[in-house]
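Participant: Predicted structure and sequence below. I'll ask about it afterward.
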Amino acid sequence: MDGMIFADRYQAGEKLAERLKKLKLSPKKSIIAAIPRGGVIVAQAICEILAIPITCIVIKKLGAPYNPELAIGATASFGKPVLDRWLLADLGVSSDYLKKEIIKKKKEAKAREKFLGQNFSNFKFEDKNVIVVDDGLATGQTSKAAAKIIRAFKPEKLILASPCASPQAIELVKDDYDEIICLEIDENLMAVGQFFRDFRPIEDAEVKEILAGQLTINR
């Protein structure tokens, strides 16, 4: 793999901030919607450089039967899920399994929001520049779900910022965002961690600590 390798998530955020600077976004009219856990670390760097506040949007992947790592869609704690209809048909996923998986993942998303002290619907996105930040896009399902949910709040502009992605993921989300900033698009991407020297697991407690100083901003 000859592409860009990031030292860690924070450094990737610094590089994304340099690209985002060119958009000349007003901090008062902008907000970062970070996807936990890793996306919050990336967003922290962007926040500190551009003075744009962070909230987080909890998205849970819907796992395939017998292969929970394979995403057949994604959902937040509220709203309709995003589903990969082709994959569902290809795998022969039953409507009963899908219904149970959606209910389960919605509950998990709600529980994580509660722990993180986040109530997504409290944040005012109308007429704002919303930057969705993740630490990488493998399938794109999570970012597609985030766009669908945030669009309902009528933002001025919806931007996706990610250090790395597969071409298939970018293709999946390209019509969902007004602008996509991705530093490395690589057809050999099998796992996001390939692009980071340090891709340590992030705990919810760390995410909560980063978000704690952001909660009173932009409500």
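Facilitator: Great, that's in hand.
Participant: Would you mind finding the longest helix in the chain?
Facilitator: If you go by DSSP state H, the chain has its longest helix at helix 95-116.
Participant: And Thr142, which helix or strand is it part of?
Facilitator: Thr142 is located in helix 141-151, with elements delineated by DSSP states H and E.
Participant: Quick one: end-to-end length of stretch 80-92, please.
Facilitator: Using C-alpha to C-alpha, to the nearest Å, the end-to-end distance of stretch 80-92 comes out at 21 Å.
Participant: just how off-centre is it within its chain?
Facilitator: 20 Å (C-alpha atoms, centre = their mean, to the nearest Å).
Participant: Going by neighbour count, which residues in it are buried?
Facilitator: Under the neighbour-count criterion of 16 or more other C-beta atoms under 10 Å, stretch 80-92 has Pro81, Val82, Leu83, Asp84, Leu87, Leu88, Leu91 buried. For every residue, glycine as well, the C-beta is placed using N, CA and C.
Participant: just checking, the fourth one touches Ile72?
Facilitator: Meaning Asp84. Yes: using C-beta atoms under 8 Å, Asp84 makes contact with Ile72 at a distance of 5.3 Å.
Participant: Now for those two: what residues contact both?
Facilitator: Any residue near both Asp84 and Ile72 by C-beta atoms under 8 Å, 6 or more residues apart in numbering counts here, and not one turns up.
Participant: What helices and strands are in contact with whichever helix or strand comes after the helix holding Thr142?
Facilitator: Toward the C-terminus, helix 141-151 is succeeded by strand 157-165 as the next helix or strand (DSSP H and E). Using 3 or more C-beta pairs under 8 Å, 6 or more residues apart in numbering; DSSP states H and E as the contact criterion, the secondary-structure elements in contact with strand 157-165 are helix 9-21, helix 38-50, strand 129-133, helix 141-151, strand 179-185.
Participant: what separates strand 157-165 from the chain centre, distance-wise?
Facilitator: Averaged over its C-alpha atoms, strand 157-165 has a centre that lies 9 Å from its chain's centre (C-alpha atoms, centre = their mean).
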